[in-house]
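S.K.: sequence and predicted model, in that order:
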Amino acid sequence: MRIAISGMGLRTASVLARFRAQWDAVEFVGFYDPQPTFRDELDPAIPQFVSVATMLAQTKPDLFFIGSPNEFHLDDLKAGFAAGVRMFCEKPVVTSIPDTLELAGLLAEHGLDQVMVGLVLRYSRHMVDLRKAISDGALGDIASIEASEHIGPYHGAFFMRDWRRKTAHSGGFMLEKCCHDLDLYNMITGSRPRHVASFGARRSFLPKHRPDTNSEMEVYHVKRSVWNSADDPFDSDADIIDCQTAILEYESGASLAFHTNLNVPDEHRRFCVVGARGMAEGDFVRGYLHVTDARSNDRVLDLDYTGTAPAKGHYGADDMMVADIIAHLKDPAIPLPVTVLDALEAGIAALAIDQARKERRVVDLGDIWTALDQYGLRK
């Protein structure tokens, strides 16, 4: 499996190290990155190229791994389509509605299967087991969901210092970080959001909240940024928010209340899914999943993942994702739990949430879904 790479960041190094650990046939044949900070962490001998197009033409890879900053994904994908190569693209796939529709046109021409995506939480033990519980009828029709992604100060400060702090580079915080979560709730409801509303602001990472001592400031520099970065998370030129609340109504009639905050000392990533027959409650950070029957009040599923899944690597899901993708590459008949269309739909939801926040109104996504569906990607 010959792999060419765009973007030699920490995420790229982490995922591709898992590919090599799980598959002896993996060979890294080239990369493009003007600032390859994490090259040595993966393999210092990988050849460097002056452009993506040159790399793809000369290496003729079996897989093109796209781990570049979000704003470059569409150009990388276009190069991959032109080269006729299979691709894996980190999330979010694109950063705007126009780019979403442009990519939809390319996918209609070349096929959804040409692009795999890094929505890693779909691969997690939580979601594997929750999908089965839903398919077994344990929840019944989904009525409502309460969910949150609460991020520790060390990680929140990273967003305020990293290139991700600028919407022009990342597409915004809701898209960059929470597209995972929005994808899960699309999956759980079996539908797409129809109406969204949202409120949020920058409330914690402000100059008036900067620590007085160097020792207190240390936590805000634990996670380093290496490209287009700022030094001070409390006084950077970030245009993203650090806390946000959204409410979504799905085409199925289900609803979601979602909250995220970048400065939570005891971080968690939890959900409570309430259906007509039962309830599912879980937390990725604390590592559990409970399913309770609404009629008998019996706990029909009581799972503790803390002893079986590593805390790092998206709660063990990184290794599971890589294993599933390798199995799929070896045998295309083995399906993956998420598609590039799922990623585009989660991205549209995130972008609409930010639109609702900025315009202070309820956004109706009906016209956007009509525009996307004209490409015939939904089966």
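M.R.: On my side now, so go ahead.

S.K.: those helices in the stretch 101-250 of the chain, which residues are they?
M.R.: Secondary structure of the stretch 101-250 of the chain (DSSP state H, counting those that start in this stretch): helices at 125-135, 153-161, 167-170, 173-189, 214-217.

S.K.: CSV for the ones you listed, including mean neighbour count, distance to residue 86 and mean pLDDT?
M.R.: All C-beta spots, glycine's among them, are computed from the backbone N, C-alpha and C. Formatted as CSV, the entries for those read as follows, by neighbours: other C-beta atoms under 10 Å; distance: least, C-beta to C-beta, whole Å; pLDDT from 0 to 100:
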stretch, mean neighbour count, distance to residue 86, mean pLDDT
helix 125-135, 18, 24, 97
helix 153-161, 22, 31, 96
helix 167-170, 18, 26, 97
helix 173-189, 24, 21, 97
helix 214-217, 10, 45, 90
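
S.K.: can you tell me which helix or strand of the protein has the lowest average pLDDT?
M.R.: Least confident helix or strand, the chain: helix 312-315 with a mean of 88, by mean pLDDT, DSSP states H and E.

S.K.: so the next helix or strand after it versus helix 173-189, what angle?
M.R.: With elements assigned by DSSP states H and E, the helix or strand that comes after helix 312-315 is helix 317-330. Angle of helix 317-330 versus helix 173-189, following axes from the mean of the first three to the mean of the last three C-alpha atoms, to 10 degrees, is 70 degrees.

S.K.: so for the very next helix or strand once past helix 317-330, what gets flagged as buried?
M.R.: Scanning forward in sequence from helix 317-330, with DSSP H and E defining helices and strands, the next element found is helix 340-359. By neighbour count with 16 or more other C-beta atoms under 10 Å, helix 340-359 contains the buried residues 340-357.

S.K.: dump helix 340-359 to CSV, keeping only the CA atoms.
M.R.: The C-alpha atoms that make up helix 340-359 are tabulated as CSV, following Å, rounded to 0.1, in the frame of the first residue of the first chain:
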residue,chain,number,x,y,z
VAL,A,340,-17.8,11.4,2.7
LEU,A,341,-21.5,12.4,2.2
ASP,A,342,-22.0,12.0,5.9
ALA,A,343,-19.1,14.3,6.5
LEU,A,344,-20.5,16.9,4.1
GLU,A,345,-23.9,16.8,5.8
ALA,A,346,-22.3,17.2,9.3
GLY,A,347,-20.3,20.1,7.9
ILE,A,348,-23.4,21.8,6.5
ALA,A,349,-25.0,21.5,10.0
ALA,A,350,-22.0,23.1,11.6
LEU,A,351,-21.8,25.9,9.1
ALA,A,352,-25.5,26.6,9.5
ILE,A,353,-25.2,26.7,13.3
ASP,A,354,-22.5,29.4,13.0
GLN,A,355,-24.7,31.2,10.5
ALA,A,356,-27.5,31.2,13.0
ARG,A,357,-25.2,32.5,15.8
LYS,A,358,-23.9,35.3,13.7
GLU,A,359,-27.2,36.4,12.2
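
S.K.: what's it packed up against?
M.R.: Helices and strands touching helix 340-359, by 3 or more C-beta pairs under 8 Å, 6 or more residues apart in numbering; DSSP states H and E, are helix 97-110, strand 115-117, helix 173-189, strand 193-201, strand 243-250, strand 363-364, helix 366-373.

S.K.: ok and it relative to helix 173-189, angle-wise?
M.R.: With the same axes, to 10 degrees as the basis, helix 340-359 and helix 173-189 are set at 130 degrees to each other.

S.K.: ok now helix 340-359, how far from the chain's centre?
M.R.: Taking C-alpha atoms, centre = their mean, to the nearest Å, one finds the center of helix 340-359 at 12 Å from the center of the full chain.

S.K.: and that helix with helix 366-373, angle?
M.R.: Here helix 340-359 points in a direction 150 degrees away from that of helix 366-373 (the same axes, to 10 degrees).

S.K.: quick one, helix 340-359 and helix 97-110 angle?
M.R.: Regarding helix 340-359 and helix 97-110, their directions subtend 170 degrees when assessed with the same axes, to 10 degrees.

S.K.: now helix 340-359: average pLDDT?
M.R.: Model confidence over helix 340-359 averages 98 on the pLDDT scale.

S.K.: repeat for stretch 248-260
M.R.: When pLDDT is averaged over stretch 248-260, the result is 98.

S.K.: got it, and stretch 296-305?
M.R.: 97.

S.K.: for that stretch, measure first residue to last.
M.R.: Across its full length, stretch 296-305 reaches 25 Å between end residues, using C-alpha to C-alpha, to the nearest Å.

S.K.: could you say what helices and strands the least confident helix or strand of the chain packs with?
M.R.: Partner elements for helix 312-315 (3+ C-beta pairs under 8 Å, 6+ apart): none found.

S.K.: show me what contacts the residue lying closest to residue 320 once chain neighbours are set aside?
M.R.: Distances taken as C-beta to C-beta, 6 or more residues apart in numbering put residue 123 closest to residue 320, at 4.4 Å, once the chain neighbours are dropped. With contacts defined as C-beta atoms under 8 Å, 6 or more residues apart in numbering, the neighbours of residue 123 are 317, 320-321, 324, 337-338.
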